[in-house]
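Asker: For reference, the sequence and a predicted model appear below.
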Amino acid sequence: TDIYYIDSTFLEVCKNQRIYRHKTFKGLAKRGVSSCGWFYGFKLHLITNHLGEIVSFAITKGNISDQNMTTALAKKLSGFLFGDKGYLSIKTTAELLKQGLHLITKVRQNMKPKPISATNKFLLKKRGIIETVFGQLKDFRHLVHTKYRSKINYFTNILSSLLAYMLNPSKPRICLNQIGI
């Protein structure tokens, strides 16, 4: 569709106070930080299009930065990729531009504002679609709970949640008729 959104969410495997007692994912899960605070587990990185369909995903340890996954997830994509400020990187932007993918994010407070077209500004404001996808995965598809007894069960549950979401005919979408695309 040439319009993509990228973000990640944390997948906690146990509560913080139980990290040292946790045995199922010992050596595999890592501590990470998100906007909600510290967690122990993994991260789910997603790229969706404006129709709410999952284009690419990856599951990493909790301490992996969002920037590190951008080029791997966006392979073979072209068009526009909208993300949050966590994806700002000159190196990543240049790599994506070589393959024909324009990374568009808001700028940080200490940066000079970049000129952005009205269409891209509208699409950047609609970045919340990927948060809606994460919300549906966690709330309705039972992506997260902290009582896993095996690694195979854990990753099977994640893949089942993603598949159930993709088979759902009513996904969140952005109507592009409002801006004349």
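Answerer: Everything's here; your move.
Asker: Now do the contacts for K106.
Answerer: D84, K85, L124 (CB atoms under 8 Å, 6 or more residues apart in numbering). For every residue, glycine as well, the C-beta is placed using N, CA and C.
Asker: Quick one, grab the pLDDT at it.
Answerer: Here, the pLDDT recorded for K106 equals 89.
Asker: Just confirm it is within a helix.
Answerer: No. Going by DSSP: H, G, I helix; E, B strand; the rest coil, the assignment for K106 is coil, not a helix.
Asker: From I90, how far out is it?
Answerer: Going from K106 to I90 by CB to CB, to the nearest Å gives 16 Å.
Asker: Over to Y165?
Answerer: Y165 sits 34 Å away from I90, going by CB to CB.
Asker: what's the burial count for S150?
Answerer: Using other CB atoms under 10 Å, S150 is surrounded by 10 other residues.
Asker: Identify the residue nearest it in space, chain neighbours excluded?
Answerer: Nearest residue to S150, sequence neighbours excluded (CB to CB, 6 or more residues apart in numbering): T24, at 6.9 Å.
Asker: Relative to the whole chain's centre, how far out is the lengthiest helix in the chain?
Answerer: For the chain, the longest helix by residue count, based on DSSP state H, is helix 151-167. Here the centre of helix 151-167 is set off from its chain's centre by 16 Å, with CA atoms, centre = their mean, to the nearest Å.
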